[in-house]
Structure formats: structure tokens, C-alpha cells
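Asker: quick one, structure for this:
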Amino acid sequence: MLQLNMNLLYTIINLVVLYLLLRHFLIKPVTEIMEKRKKLIEDGLLNAQNAQDDAAKMKREYEAALSGAKQESAKILEKAQRQAKEEYEKILQKADEKAADMMESAKESIRVQREQTIHELQSQIAGLALNAAAKIVGEKTENQGNQEIYNQFLEEVGEAFDDPDKK
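Answerer: Numbering: from 1, shown residues only. Next comes the predicted model:
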């Protein structure tokens, strides 16, 4: 059967002591280092996930801000275009009004000048007619009938001279 000898007992004791020493000095520190390493890796993965989530959140905020900025710039551009169009319409309306006023002024000026010209021409014609009538009457003063024609002519010319619209 089995014999127990002292060598075997010493070998078992040595193995137990060796196991305890290895466990205390080698396995325990290595296990602690591995646990710390595992914890460090988990923390790193957790931080990386948090950073990725933060980056995605910032990207969404940036896109929202960019979209808002695009909408705001579109509104500003539309407002500027609308104001420019209104200003264009105002300027065009003022120019039309000014042109209409100028046309009215020009028409009035032409009318006044025409009336003055007509009045001057009537005065000149009346003067010429009087001179012609005076020459004719001067030559034929002996004839009384011509005197009446002369007087009638002077009356008609005088009336036309005093009232230019009575033609």
C-alpha cells in the first residue's frame, strides 16, 4: 500500500508553503493588477462612449443652429428684397408724379405763351389794319360812305382787340 515516508510529507509541506508564497507574492498582485487594468479599460470605454454621445449631441446642436442661421439669413434676405422693391416703387411713383407735374407745368406754360402770342398778333394785326384803314380813309375822306365803313371797322377791330376770345 501506500507508504508514507518523510520525503513525501516534506514535499507536500513544501508544495503547500510554495503555493501559499506564490499565492501571496505572485497570484494576488497579478490578480490585483489585472483587476485594475480591467477597471481602467472599462472606464476608458465608458469615457469614449460619453465623448461619442457628447459629440453626437454637439453635432445635432450645430446642425440645428446652422439650420436656424440659414432660415434667419433667408428671412433677412427676403426682408431686404421686399424693402428694396418698396423703395423702388416709391422712387418710381415719385418720378411719375414729378413727370406729371412737369408735363402740367409745361402745358400751362405753353398755353400762357400761346395766349400771349395770340394777343400780340391780334394787337399787331389791329395796328396794321388801322394803319391800312387810315390810309384808305385818308385818300377817300371826301366820300361820306367810306367814313361810316371806317368807323364800323374800327369798332369791330376794337372789340376783337378788347376781347380776344370773341372770334
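
Asker: other SSEs contacting whichever helix or strand L92 is part of?
Answerer: Element membership of L92, judged by DSSP states H and E, is helix 28-139. Packing contacts for helix 28-139, counted by 3 or more C-beta pairs under 8 Å, 6 or more residues apart in numbering; DSSP states H and E, involve helix 144-162. Every residue, glycine included, has its C-beta placed from N, CA and C.

Asker: just the buried residues of stretch 110-120, please?
Answerer: For stretch 110-120, burial by neighbour count (16 or more other C-beta atoms under 10 Å) applies to no residue.

Asker: avg pLDDT for it?
Answerer: Averaging pLDDT along stretch 110-120 yields 91.

Asker: next one: it to chain centre, how far?
Answerer: 51 Å (C-alpha atoms, centre = their mean, to the nearest Å).

Asker: likewise for stretch 60-72?
Answerer: 22 Å.

Asker: can I get it as CSV, trimmed to CA atoms?
Answerer: Taking Å, rounded to 0.1, in the frame of the first residue of the first chain, the C-alpha atoms of stretch 60-72 are listed here in CSV:
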residue,chain,number,x,y,z
ARG,A,60,-27.2,67.9,-33.6
GLU,A,61,-26.9,71.3,-31.8
TYR,A,62,-24.6,72.6,-34.6
GLU,A,63,-26.9,71.4,-37.3
ALA,A,64,-29.9,72.9,-35.6
ALA,A,65,-28.0,76.2,-35.2
LEU,A,66,-26.9,76.1,-38.8
SER,A,67,-30.4,75.4,-39.9
GLY,A,68,-31.7,78.3,-37.8
ALA,A,69,-29.0,80.6,-39.2
LYS,A,70,-29.9,79.6,-42.8
GLN,A,71,-33.6,80.3,-42.1
GLU,A,72,-32.6,83.6,-40.4
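
Asker: in it, what counts as buried?
Answerer: In stretch 60-72, counting by 16+ other C-beta under 10 Å, buried: nothing.

Asker: now do that stretch: everything it contacts.
Answerer: By C-beta atoms under 8 Å, 6 or more residues apart in numbering, no residue outside stretch 60-72 reaches it.

Asker: tell me how far the residue nearest the centre of the chain lies from A133.
Answerer: For the chain, A80 is the residue whose C-alpha lies nearest the centre (C-alpha atoms, centre = their mean; 1.7 Å). Note on A80: its distance to A133, by C-beta to C-beta, to the nearest Å, is 78 Å.
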